[in-house]
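**Q** please work out how this folds:
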Amino acid sequence: MAEQLAREYVTKVLELSEEMVKLASTDPGHEMDVGCRALFGTLCDYGYALKKMAEKELSAHQAAGGSASEESSPVAGISSPANPKTVLIVDDDRDFLKYLSLLFEDNGFETLTAVNGHEATELATARRPDLITLDISMPGKSGVNAYRDLKEDPELGAIPVVLVTAAGESVRNFIKRCRQASDPVAFVAKPLDVDLLWEAVRNVLGAPSR
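**A** Sure thing, here's the model as predicted:
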């Protein structure tokens, strides 16, 4: 069921990316100002990048024949039904939240979800997940504040955090300068490259022993 929902979601993302490229390529028939040209250029760049990732992910799901086995999982051995690890996924975009949840669940993880920093810290305190993926730009309590609170806590500070965010270098540098920030902290940029996400998970949780 989760695999089917993931494919449906990725198909919708692919359709959306194609619409983005189509819109960005539309000639409005008159001279655009600098701001509009920059906007259309960015839309086109993100559309092509999103289209490429969606096509790659959809192809991977189709090649797997509708199921993800432990052997084919990019994080095989890190989490499994017999010994599952729990990941807390924090993002205010509910569609993206659902997508990440399905990705982790299809690869043997149990998932918790939060849509803001307050929920994140409460769930982390109550459930003590093995891993947290954290967006930065969220309403209410931001990811930066949530990250700082987690790292200041003597027990929660040991939970590894992967920042999955579209925030730029300034936020990344700020996080790295935090005195309470412990390594490793991984950064995965949006639009999401799934391969980079799994690489970050392997680096943070440790590669499975052979």
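
**Q** and Gly47, how close does it get to Arg128?
**A** Separation of Gly47 from Arg128 (Cβ to Cβ, to the nearest Å) stands at 40 Å. (C-beta placed from N, C-alpha, C; glycine too.)

**Q** these two: who's more crowded?
**A** Gly47 (21 against 13; other Cβ atoms under 10 Å).

**Q** excluding its backbone neighbours, what's nearest the more buried one?
**A** Closest residue in space to Gly47, ignoring its immediate chain neighbours: Met20 at 3.2 Å, by Cβ to Cβ, 6 or more residues apart in numbering.

**Q** quick one, grab the pLDDT at the one you found.
**A** Met20 is assigned 82 on the pLDDT scale.

**Q** what of Pro160?
**A** 91.

**Q** show me the contacts for the residue nearest to it when sequence neighbours are not counted.
**A** Counting by Cβ to Cβ, 6+ apart, Val204 is the residue found nearest to Pro160 once chain neighbours are left out, at 4.3 Å. Applying Cβ atoms under 8 Å, 6 or more residues apart in numbering, we find Val204 in contact with 131, 160, 162, 184, 186.

**Q** you'd agree Val204 is in a helix?
**A** Yes. Counting by DSSP: H, G, I helix; E, B strand; the rest coil, Val204 is found in a helix.

**Q** how far away is it from Ala120?
**A** Taking Cβ to Cβ, one finds Val204 at 17 Å from Ala120.

**Q** how about Val34?
**A** 39 Å.

**Q** between the two, who's got more neighbours?
**A** Remark: of Val34 and Ala120, Ala120 carries more neighbours, 30 against 7, as counted by other Cβ under 10 Å.

**Q** mind giving me the packing neighbours of the helix or strand that contains that one?
**A** If you go by DSSP states H and E, Ala120 is part of helix 117-127. Packing partners of helix 117-127 (3 or more Cβ pairs under 8 Å, 6 or more residues apart in numbering; DSSP states H and E): strand 86-90, strand 110-114, strand 131-134, helix 143-152.

**Q** take those and lay them out in CSV including mean neighbour count.
**A** CSV is the format used below for those (neighbours: other Cβ atoms under 10 Å):
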stretch, mean neighbour count
strand 86-90, 24
strand 110-114, 19
strand 131-134, 25
helix 143-152, 20
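
**Q** any chance of TSV for these, columns mean pLDDT?
**A** Formatted as TSV, the helices and strands packed on helix 117-127 follow (pLDDT from 0 to 100):
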stretch	mean pLDDT
strand 86-90	96
strand 110-114	96
strand 131-134	94
helix 143-152	84
